[in-house]
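Chemist: Quick one: sequence plus predicted model below, questions after.
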Amino acid sequence: MCTSFTADSLPDLTGRVYLITGGNAGIGYETVYGLASKGATVYICARSESKATTAITFLREKLQNPNAPIHYLQMDNMNLSTVVAAANTFLSKESSLHGLILNAGIMCTPWEESTDGYESHWQTNYLSHYLLAYLLLPIIQATALNCEPGVVRIVELTSDAWHMAKGPGIWFDQISMANHEPFDRYCQSKLANLLHIRELQKKIGPRPGNAEKGEIWVAAVHPGLVETGLSANFATTSVLGRTLLGLGMGVSPDKGALGSLFAIASNDFKRDWSGSYMVPTAKKGWTWRWANDKDLQEKLWKWTEDQLRWKGFLSSSLRL
Ligand SMILES: NC(=O)c1ccc[n+]([C@@H]2O[C@H](COP(=O)([O-])OP(=O)(O)OC[C@H]3O[C@@H](n4cnc5c(N)ncnc54)[C@H](OP(=O)(O)O)[C@@H]3O)[C@@H](O)[C@H]2O)c1
């Protein structure tokens, strides 16, 4: 536990490269600021070029460094071909990746189907992130082989809403949950984020048998209730959201980013925390039921990999 963590206590990150989804707003924006203020190079995956470039301009002003190495990568989580393109563009520009932060998200938005035929919470919050991480794992592993253990990490934003997932947790036979409420779809996607990290821990985390691949630490982070565009939408669409935010329980985005910053780059995040569910601030959280269900996490991994191979987004030569 490290409740005294502040962004200032991060080590110097000069020479390290990070990539974050949804870094143009909210928690993601503040995460970029925290990393860039320590000298890191940061790539922001965003769907809107104008939002991303505006965010980069503000970040550089705040950093008082017009040349701060913060870059935009076009990626719309609702379009899987843009995920592949973003990964390829990144790989054409960089030869290392020290940290991947899977952060972009939506909550309680109206029913929408992606270009690829998936419901928007499922694809934005989970599926695109699974694909992006899969495509970048070779460079992440290559980076880890050249670094001290613990330098290279993957962090995925989940939510304590995972424990409010319904029924089987993951509805494999109706993954879009068309007959359910938007909040139920959000909870399923956030459970998937947590299960994804659990399976990554098994496949690439610091465990016996994984050492020769390079040591990669992973964590699923619940940022707390944070006052962002996402939570504002939660408040307008649900009594629970309105009540919690109305009681003043939300924190500012810079505080909301502390969990991500701690897990992705702090020296106080320990090796045996890899694979953990982290809660505010910088603490290991409790998990139960689906979150500890190894069969479910394996089934989800396989289901997702099969879908993405079948649709042609993962080549047969790339296998974890
Ligand atoms: N805020 C909370 O209380 C809270 C609580 C628990 C978990 N979380 C998690 O924290 C993460 C960050 O959320 P936030 O609160 O910072 O929300 P936010 O301020 O609304 O930011 C969300 C980010 O995701 C991006 N995004 C959404 N859909 C996208 C798409 N199709 N393609 C690319 N980017 C997309 C947004 O881009 P645009 O600007 O283009 O929309 C924005 O940059 C989410 O994963 C969320 O589930 C938040």
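Modeler: Yep, that arrived. Only a predicted model underlies this, so the values are computations on that prediction, with no experimental measurement involved. Numbering: from 1, shown residues only.
Chemist: For the helix or strand harbouring Arg198, buried residues please.
Modeler: According to DSSP states H and E, Arg198 maps onto helix 182-204. Across helix 182-204, burial judged by 16 or more other C-beta atoms under 10 Å covers 182-202, 204. (Each C-beta comes from the backbone N, C-alpha and C, glycine too.)
Chemist: same check, this time on stretch 202-215
Modeler: So for stretch 202-215, counting by 16+ other C-beta under 10 Å, buried means Lys202, Ile204, Gly205, Pro206, Asn210, Lys213, Gly214, Glu215.
Chemist: Report the contact partners of the closest residue to Lys213 other than its chain neighbours.
Modeler: Distance criterion C-beta to C-beta, 6 or more residues apart in numbering; nearest residue to Lys213, sequence neighbours excluded, is Gln141 at 5.2 Å. Contact analysis of Gln141 by C-beta atoms under 8 Å, 6 or more residues apart in numbering lists Ile204, Lys213, Gly214, Ile216.
Chemist: is it true that the last one touches Val151?
Modeler: I take that to be Ile216. No: taking contacts as C-beta atoms under 8 Å, Ile216 lies outside contact range of Val151: 9.4 Å.
Chemist: Just the helices from the stretch 51-200 of the chain, written as ranges.
Modeler: For the stretch 51-200 of the chain, the helices defined by DSSP state H, counting those that start in this stretch cover 80-93, 120-121, 128-145, 182-204.
Chemist: What is the burial count for the residue of the stretch 1-150 of the chain found nearest the ligand?
Modeler: For the stretch 1-150 of the chain and the ligand, the shortest gap (C-beta to the nearest ligand atom) falls at Gly26, measuring 2.2 Å. As a burial measure, Gly26 scores 23 neighbours (other C-beta atoms under 10 Å).
Chemist: Tell me how far the residue nearest to Lys213 lies from Tyr18.
Modeler: According to C-beta to C-beta, to the nearest Å, Gln141 and Tyr18 sit 16 Å apart.
Chemist: Ok, Ser95 next?
Modeler: Applying C-beta to C-beta to Ser95 and Tyr18 gives a distance of 14 Å.
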